Every structure is written in structure tokens, then in C-alpha cells.
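Asker: After the sequence you'll find the predicted model.
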Amino acid sequence: MSESTLEILPELKQIVGALLFAAREPLTIKRMRKAMIETGNGFGGPYEQYAKATDAQIEGAIEQLIEDLDHAKAGLSVALVAGAYRLQNDAACGPFVRALLEKNQTMRLSKPALETLAIVAYRQPCLRSEIEEVRGVSVDAVLRKLIDMQLVRVVRRSELPGRPWLFGTTQKFLEHFGINDINDLPGSQELKRAMPVEEKKKKETTEDLPALKEELNKTESEVEEDASDKSMAALDEEIEREEN
Amino acid sequence: MSESTLEILPELKQIVGALLFAAREPLTIKRMRKAMIETGNGFGGPYEQYAKATDAQIEGAIEQLIEDLDHAKAGLSVALVAGAYRLQNDAACGPFVRALLEKNQTMRLSKPALETLAIVAYRQPCLRSEIEEVRGVSVDAVLRKLIDMQLVRVVRRSELPGRPWLFGTTQKFLEHFGINDINDLPGSQELKRAMPVEEKKKKETTEDLPALKEELNKTESEVEEDASDKSMAALDEEIEREEN
Amino acid sequence: MELIKDDYKVSLEVFEGPLDLLLYLIKKDEVDIYDIPIGRITDQYMEYLRLMKVLDLNIAGDFIVMSATLMLIKSRMLLPVEEQKADQDEDEEDPRWDLVRQLVEYKKFKDAADHLEDLELHMENVFARESEHVELGAPPDVDLKDASIFDLISALNEALGRVQEEDLQEIFAEEYTVGQKVTFIVENLKVVSRMCVSDLFGGMTSRQEIVCTFLAVLELIKLNKIACVQDDPFSPIMVEPREPDPVPTLPPEEEEVPHPEFELDDESAEVEEDLGDDDEFDDEDEL
């Protein structure tokens, strides 16, 4: 690890601010402590002090941060929401933020988002599992983002076991990409599925049930094994509990 | 619009902080001004003052914000990257953020890749043969990889015999290295080529002065065009141009 | 050394080039870049080239071209002064000049590359909103982070120097393999967390064994299993295990999928409702 580039040891308040800023979701004190323990132990030396930070010290740092942000009038504040802390903009600045974001529809889609979109476009209506099969990675987050952006929508529930959702593209998708009709996409005949997904999947599931069960058992035992490091695992568990 | 909930009129610095926080990408001053104009005009009354904020005032607010955030040690700072401002965490807190986000191993560029990038950055637009002259090795593979990574792009074909490609760096290059402007790179005056590559190469063969003159005239007229008026449409146009 | 399997051929393209080697030699010998002792440097250059051939590294043609250039300069330097003048223009400079100019120019960009590297290291610790800091999706190159390939070859040279006289050993072929040595190094690094490259060669009396060990080091670097670290330029090279890659090829966007399975269904249920309502709202808005 490149200690050399980090001459200055940050204070707890700074760390808390940086963590809240970078996190995608509200953070509990325990989550912050976990990051400090990991960094402290991983870097060692003067960083070990961070591994010893207590919940009370972290809470104190948060309180100080709240006060200092308020004083600095930076347009930002820290709020406690459902047991976790979150950085947010001052409510008084809300109208400006809305003006910015509303006109901000010139979105630049990431590569994973574009790939996911392409699969949905050609294969619609399609299942999340299908997209994952093609892309080889979990698409949970990307798909959620695309739905947020109103480029992808839920078409309906499928008739398959568990009644998973079927996804398709939206009007806005067409507008955004300047497409008149889905069938105008190049190679759409070739890339389209020959068989509707529900029939195809039904065929598969009836064949693959024993294998699926085995897979599930494997995953469970892996999870159990993972409970190795005691204190860290306990902390993880607590975090999980708290966040549910 | 619910003015009732907004008793306090925020100051420019707060608005700038909130905008930078809420934006998903670096913001230019123009983008911020646009949000202020829209909010000011939309809300009217005391909000009209925001519509009149000048670029200089906004820039002043950003500078003040940078100073106050630094002073508050909130773990956050504002950086000017690729011509736009963005809120980011203090580098000293990076290890903690990485631990939180579980980003332990980041990709780094190899030495040959960095050297090739450096040459492209200082000499752009430049030919592959030029890079090879400096490095003394074939750069075909490295260059292709850098293009894949979207750090280098093809600018255009040159006018030289065989019409070889000219390469330059991308927006992502600036973002990846946290650089505001290519000219901010140290020693850029010294390392830059005194003359555009095409003229240089041409001169080596034919001494083509009239073409150079023409080129110069073209550049001048482009610059003149840039001095545009301040209507909203013009602002939009400018933003769009800046962001491409 | 045709015993070495093709799988273990390491392409030099991804490593440094001939100019790097020259700069390396100049720095190592602490000679003035503007007054290169061309004879000595040429000899050293050729020695490295020979070693690379022993290792069966795919030497890029550029290395050969440079050796020809060096030979030419060397031969010109050997000419008596009068003949040098007769041979060239009146104001023609030192025959080394072109090379020096190229080296100086290259050095400047090498420094610029170092600066970019510093910036990159710095930016590794900087995250923007939504923690979307600009990440490179591509896998790492074969990359010697702190020690250069030439430092490694130097270490090899020293080890080979110690067994120079025992060439007889090579008669017994197939005694050692690169695969064997890969295991050897990995096992050793489980016991000690850090070891000196020259210690790796300790006690070895066969050139083949040393070369196999060396290629094993290169292979492990390529696989990102170990890193070669050098605390100061020209100080001993240490071999360290690298932390296992967490999720090597996942694109950054999907590195954290915090809530598996059920979450999305819940959300999309809401979304569906929203969408249903939305259509009505849109109509109202237009009215």
C-alpha cells in the first residue's frame, strides 16, 4: 500500500465526512468503524490508531462535522435517517438542485448500462436472469438505475415460478436514442429470441431442478464458512441487522 | 411552488455547494448559473436576485467554498477537473473510502502506457510514428489499449501522405488524472511541439508556408466566434459545446 | 536453452525499450548523459541483450536496431580525429549527439510519465459523488511496479556470474522446470513474507536452475501473484506476495450489489405502480 503518498493523517471528522460523501447509502456508525478498523489494520503503523476508534468517538466526530458544516455554510448537512447518517444538501438550496437535475437529462450512460439496455431492447420482454446470462454479471444495480432513468420499465410479471418481472424499454428510450421503432435497430431479427422467454425458461427449469437445488446448498455452506474472523464478522452481522 | 417552506434565502456559496453535491458529474460555472437563472425566474420575488448572479460572483463563491471546506476539515474539497468543478473527498481519507467501498485493488497503468500517454498528452495531436520516435519502440499495442481504455482518441486523419491518424487525449484522461487543462501539466511549454505536426512534417519535405498562414487565420476566426452574447439560448449552446 | 517452454516466453514489448535500457545503464554507472563512454555502455548493452536471449525473451527488433546504432557510433568514435572530420561536415558534431538528443528528449517524457503516475496514485484516493471515480476497466499490464526489468536481469546476471565455471551441469537436462520453481517461490513466500531476489538463487549451482527460477519470477509477476519492490534505485530487489485480487474482471459499476435478489422485485413493484400513475399525471400536466 502506498503510504508514501499519504503524508497527512486525517482526523476522525474528515474521515467521517469523506465516508458519508462517498457512500451510496446512509451509513451507520458501525459501518464507519468497520472501514476504520480495516484501514487501520491494513496500513498499520500510525494508522493503527484508527482501528481503535470507539463508537462514541465516531459519534462525537459526526456531531462536530454537523456543527462545522453548518458554520461553514457549505450547502451541506448531515442527517440521521432511520438510524443511519447521510450527507445531504441544505433544504433551502433544493429549488436550485432541482433546476439543475431536471435540465440534466443529457445523461451519459456507462458501458454496463448501455450493454444492459441493448439486451433489454433486443430481447424484450425479458427477465433479469436472462440479461445476467448474457452479460455474465449481476445487473441488479444497473437495471435499477435504468428504471430510475425511465429507460427501462417493468412490462408485467411472467408466468414462470416465482413470477419474476419482465422488462422492456420505454418511450423515453426511443426518444433518447432517436429510434423510431425497436425493430429499426440493426440486426434486430438476428438478435431477437426465437422463442418467447417464458416457454424457453419453462423448458429449462423442469429439466434443471436438481442441479439448482445443489447450487443453493453450495451457496449456503459457503456463507457459513465465511464466518471466520470473529470480531469483524460480528461487526458485519450487526451492520446487516441494523440495516434491515 | 412552495415558497412557504423556504424561509431562508441561501447564499451563493451554499447553493454552489449543494449543486456540486447533487450533480452526478463535474459542473461548469455556466451550468450553475443556468440553474440559478431558472430558479430565480421560476420563483420570482426575492429569488430574482439569483438570476442576476454573474460568472465572476459564482466563481468567487466557489473559491470561498473551497477555503471554508478546507478550514472546516470536513473531508471534502472542490477540484477543477477538465474545466469543470467537482466535489470530492480529501485524498488523505482515500484509504478509508476504499475500505468502505471495498475497492482494494485499483488498476494502474504500466510504465510504457504512462510514457505513451505523456507523449500523446504533450504533443497532441500527434502521429503514432512520433510516439515511436521518442520511445524508440513500437507502440502499436500500447496505443490500442489506451484507446480501448478511452484515455486516447483518434482526433482526425492528418493531411500527410498516407493520411495517418492523429491521436489526442480524452476527457476521461483529464478526469482519471485529475487534471484541469492539458496546459497545466508541468513543463508543457518545453515539451510541446513548437509547430503543429503536419506543418512540421510538411516543412521537412516542402516548406509549405501559405498553408501555415491559412491555418493561423482559421484559428483566429474561431476564437472570435467564441465571444458570444449572454442570452439563455447562447448559454445553452455554450454549455453544450463545452461538454462535447 | 531450448528447454524452456513457449508458455513461459515473456514478451518484452510490455516492458521497457532500448532507450530505457540505455538510461538505466547511464544511471547505474553514474555517467554524464552528455558524455557517454560509448565503448563501455555498448559492451554493457550487448551483455543485457545476450542475457535476454538466454532467457528467450521475445526481444523486440528495436533492441537490435539500437545495438547496431551503438556499434556504429562506437566505430566512428574509434576513428582518428582528422578522419572523423574528413568523414563529416565541418560543423558536424560528436557522433553521439543524435543519440544523446534522443535520450534527453525521452528522459523528459519519462519524467512526465512519472508525474502522471503520481497523479494517478493521488486520484486513487479521490472519489467524486456516487463514488464514481474514474476507473480503468482494463486488466493490468505485465507491470513491474517498482523495480524495472533491467534491475531483475542485473540480479540474474550476478547469480549467473557466481556459477560461471560450472557449465558442465547443463549436460543433465530437464532437471528443473519453470513450473517447479513457480511452486517453490509461492511456497517460500508463504513462510517468509518478503525475500531478496538474490536469495532466491542462493545455493543454486546450475545455470538452468537459475534461469528457470528467474522465469518463474517473471511469470508470477505477470500473473499478479508477486510484486518486485525496490526501496532505492539499485538496492536489492525484494519479492513480495500480492494480495489476492478480490473481483478481478467485474466492471466498476457493478462491484457493489448490496442487496441481492428480492430487493429489485420490491422496487420494481413500486416502479410499476408509479408508471401506472405516471401516465395519468402526464396527461394532466399537458392539459
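Answerer: Happy to help now that I have it.
Asker: remind me which residues of chain C are low pLDDT?
Answerer: For chain C, the stretches flagged by pLDDT under 70 are C:1-15, C:56-60, C:81-93, C:129-148, C:163-174, C:232-234, C:243-287.
Asker: Tell me the residues of chain A that contact chain C?
Answerer: A:2, A:5-6, A:18, A:21-25, A:110-113, A:128, A:137-144, A:147, A:153-154, A:164-165 (C-beta under 8 Å from any C-beta of the partner chain). For the C-beta atoms, the positions are set from N, CA and C on the backbone; glycine is no exception.
Asker: so what's residue A:51 up against?
Answerer: Contacts here follow C-beta atoms under 8 Å, 6 or more residues apart in numbering or on different chains; on that basis residue A:51 touches A:36-37, A:39-41.
Asker: Which single residue of the stretch 51-200 of chain C ends up nearest chain B?
Answerer: Nearest residue of the stretch 51-200 of chain C to chain B, counting by C-beta to the nearest C-beta: residue C:125, 2.1 Å away.
Asker: Any idea how many residues pack against that residue?
Answerer: A count of neighbours around residue C:125, defined by other C-beta atoms under 10 Å in any protein chain shown, yields 23.
Asker: again, but for residue A:158
Answerer: Using other C-beta under 10 Å, the number of residues around residue A:158 comes to 19.
Asker: can you give me the strands for chain A?
Answerer: Secondary structure of chain A (DSSP state E): strands located at A:76-81, A:84-89, A:152-157, A:165-169.
Asker: my guess is residue A:173 contacts residue A:147, does it?
Answerer: No. With the criterion set as C-beta atoms under 8 Å, residue A:173 and residue A:147 do not qualify as a contacting pair; they are 11.3 Å apart.
Asker: Show the contacting residues for residue A:21.
Answerer: So, once contact is read as C-beta under 8 Å, 6+ apart, residue A:21 ends up touching A:87, B:75-76, B:87, B:89, C:127, C:129.
Asker: Between all of the residues you listed, which two are separated the most?
Answerer: Set against one another by C-beta to C-beta, the contacts of residue A:21 have their most distant pair in B:75 and C:129, with a gap of 13.7 Å.
Asker: quick one: which of the two has more around it?
Answerer: For residue B:75 versus residue C:129, neighbours defined as other C-beta under 10 Å are more numerous around residue B:75 (28 against 21).
Asker: Now do the contacts for that one.
Answerer: A:10, A:13-19, A:21, A:65, B:89-90, B:93.
Asker: and the gap between it and chain C?
Answerer: Applying C-beta to the nearest C-beta, to the nearest Å, the value for residue B:75 to chain C is 11 Å.
Asker: Tell me how chain A divides into domains.
Answerer: Structurally, chain A divides into domains by automatic domain parsing as follows: A:3-100, A:111-193, A:197-244.
Asker: how near is residue C:77 to chain A?
Answerer: Spatial separation of residue C:77 from chain A under the definition C-beta to the nearest C-beta is 42 Å.
Asker: Burial check on the residue lying closest to that residue once chain neighbours are set aside, number of neighbours?
Answerer: Across the structure, with C-beta to C-beta, 6 or more residues apart in numbering or on different chains as the measure, the residue nearest residue C:77 apart from its sequence neighbours is residue C:38 (5.5 Å). Look at residue C:38: counted by other C-beta under 10 Å, it has 21 neighbours.
Asker: pretty sure residue C:38 contacts residue C:73?
Answerer: Yes. Applying C-beta under 8 Å as the test, residue C:38 and residue C:73 come out as touching, 5.5 Å apart.
Asker: which residues do the two both contact?
Answerer: Once C-beta under 8 Å, 6+ apart is applied, the residues that residue C:38 and residue C:73 both contact turn out to be residue C:96.
Asker: Would you mind identifying the helix or strand in chain A with the lowest mean pLDDT?
Answerer: Taking mean pLDDT, DSSP states H and E as the measure, helix A:197-225 is the helix or strand of chain A with the lowest mean score, a mean of 50.
Asker: element containing residue C:208?
Answerer: Element membership for residue C:208 (DSSP states H and E) is helix C:207-222.
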